[in-house]
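Enquirer: coordinates for the following, if possible.
(one chain, ligands or ions: 1)
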Amino acid sequence: MRDNIELTNSGHLFALGVDNRRPFLPGEVVLIGAGPGDVELLTVRAYKLIQEADCVVYDRLVSDDVMALVSDNAECIYVGKQSSNHALPQEDINKLLIEKAQEGYKVARLKGGDSFIFGRGGEEVQVLLDAGVYCRVVPGITAASACTTYSGIPLTHRDYVHGCTFVTGHLKNDLLDLPWNALAREDHTLVVYMGIKTAGALSKALMDHQLPAKTPVALISNGTSLQHRSYKTTLADLPTFIEANSIKAPTLIVIGKVVNALDVSKRAPVKGEIKQILGAWEQNRFEPVQRFAI
Ligand SMILES: C[S@@+](CC[C@H](N)C(=O)[O-])C[C@H]1O[C@@H](n2cnc3c(N)ncnc32)[C@H](O)[C@@H]1O
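Expert: Got it, this is the predicted structure:
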């Protein structure tokens, strides 16, 4: 592989630039980030391509509201994974995508959040490239961004931190093998995906590396969906808090001072005309989002 080259306009159909604007091609697989749950967080491109697809291969974290946008005539194939309980092994998903593309379908590969953030998007794209299948990736809003925003947590508030790191809490070879010295910093935000089962080990390792026991921690479950729940605890209390509140996946863990950055007690009281508007909206808030043309 060469080191110093310009990658755009290299002529192949995997879009590394503006090619991403082209129409959905028959025989193409588009990896589409379906966002964290709230259908209105889809990108405009994702919204359009989901409706154009005639074959949809989708994961567990793709919300029902997003799936409701798929054409009635499209074939929908669930390949969802739940931790170690895989509906379809990754190799079979890869084969399925290639087969459907070779049969001439417009294949939408829907993944929760963003395909390239803990979504195995890189692996799937490489397999498609190797098989000579047209493919591209449409970014989605990742859980770290949407769940924290919906919970009032500004991930990189400059008064508190200099940066933010996304890590996986998933075990590799039975180990939570993370660069603890780099992560256990008070001027830094840590966002942990898939961390519920390993929260005890995570909390202990960070405290062993001198992150204070009182460091604030947020837990955000089913973020942005109608079941969105957010909780606040401390690093020391994290494992017992998860157990006491029966917190399950999908949950994001956010560790750092930014958890307390906003003072929500300053929220304006709901009164007068605003109360009426919100009251009317409350009646319909569970209605599914209508399809609309863009
Ligand atoms: C396999 S990762 C997929 C991440 C996804 N590709 C993304 O960009 O958000 C699954 C983990 O993401 C986090 N996650 C995804 N969607 C979430 C949501 N709506 N609420 C809370 N956590 C979520 C949870 O930590 C979950 O265990």
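
Enquirer: please parse the protein into its domains.
Expert: 8-141, 144-260 (automatic domain parsing).

Enquirer: I'd like the ones you listed laid out as JSON lines, including mean pLDDT.
Expert: Shown next, in JSON lines, are the domains of the chain (pLDDT from 0 to 100):
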{"stretch": "domain 8-141", "mean pLDDT": "90"}
{"stretch": "domain 144-260", "mean pLDDT": "96"}
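
Enquirer: please convert those domains to JSON lines, extending it with mean neighbour count and distance to the ligand.
Expert: C-betas here are computed from N, CA, C, even on glycine. Output for the domains of the chain, formatted as JSON lines (neighbours: other Cβ atoms under 10 Å; distance: least, Cβ to the nearest ligand atom, whole Å):
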{"stretch": "domain 8-141", "mean neighbour count": "18", "distance to the ligand": "2"}
{"stretch": "domain 144-260", "mean neighbour count": "18", "distance to the ligand": "3"}
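
Enquirer: residue 285 is nearest to which of these?
Expert: If you check each of the domains of the chain against residue 285 by Cβ to Cβ, domain 144-260 wins as the nearest, at 8.0 Å.

Enquirer: can you give me the end-to-end span of the closest one?
Expert: 16 Å (Cα to Cα, to the nearest Å).

Enquirer: ends of stretch 34-52, what's the gap?
Expert: With Cα to Cα as the measure, the ends of stretch 34-52 fall 15 Å from one another.

Enquirer: how far away from the center of its chain is it?
Expert: Once both centres are worked out by Cα atoms, centre = their mean, to the nearest Å, stretch 34-52 turns out to sit 13 Å from its chain's centre.

Enquirer: what of stretch 208-225?
Expert: The chain centroid and the centroid of stretch 208-225 are separated by 18 Å under Cα atoms, centre = their mean.

Enquirer: please apply the same query to stretch 219-229.
Expert: Taking Cα atoms, centre = their mean, the mean C-alpha location of stretch 219-229 is offset from the chain mean by 12 Å.

Enquirer: who touches that stretch?
Expert: Stretch 219-229 is contacted from outside by 35-38, 41, 63, 143, 146-148, 150-151, 230-233, 241-242, 247-248, 250-254, 286, using Cβ atoms under 8 Å, 6 or more residues apart in numbering.

Enquirer: how far does it stretch from start to finish?
Expert: Its first and final residues considered, stretch 219-229 spans 8 Å by Cα to Cα.

Enquirer: quick one, phi psi at residue 152?
Expert: Per-residue torsions, residue 152: phi 70, psi 30 (degrees, to the nearest 10).

Enquirer: with residue 37 instead?
Expert: The phi/psi pair for residue 37 (degrees, to the nearest 10) is phi 150, psi -60.

Enquirer: quick check: which element contains the closest residue in space to it that isn't next to it in sequence?
Expert: Nearest residue to residue 37 in three dimensions, chain neighbours excluded: residue 225, at 3.7 Å (Cβ to Cβ, 6 or more residues apart in numbering). Under DSSP states H and E, no helix or strand contains residue 225.

Enquirer: quick one: contacts for the residue most central in space within the chain?
Expert: For the chain, the residue whose C-alpha lies nearest the mean C-alpha position (Cα atoms, centre = their mean) is residue 113; its distance is 2.5 Å. By Cβ under 8 Å, 6+ apart, residue 113 lies in contact with 33-36, 61, 119, 140-143, 146.

Enquirer: what distance do you get for the closest residue to it other than its chain neighbours to residue 191?
Expert: In space, and not counting its chain neighbours, residue 113 is closest to residue 142: 4.5 Å by Cβ to Cβ, 6+ apart. Residue 142 sits at a distance of 9 Å from residue 191 (criterion: Cβ to Cβ, to the nearest Å).

Enquirer: common neighbours of the two, please.
Expert: Residues touching both residue 142 and residue 191 (Cβ under 8 Å, 6+ apart) are residue 166.

Enquirer: bridging residues for the residue nearest to the centre of the chain?
Expert: Using DSSP bridges, the bridge partners assigned to residue 113 are residue 35.

Enquirer: please report how far it lies from residue 181.
Expert: Going from residue 113 to residue 181 by Cβ to Cβ gives 28 Å.

Enquirer: same check, this time on residue 36
Expert: For residue 36, the distance to residue 181 - Cβ to Cβ - is 31 Å.
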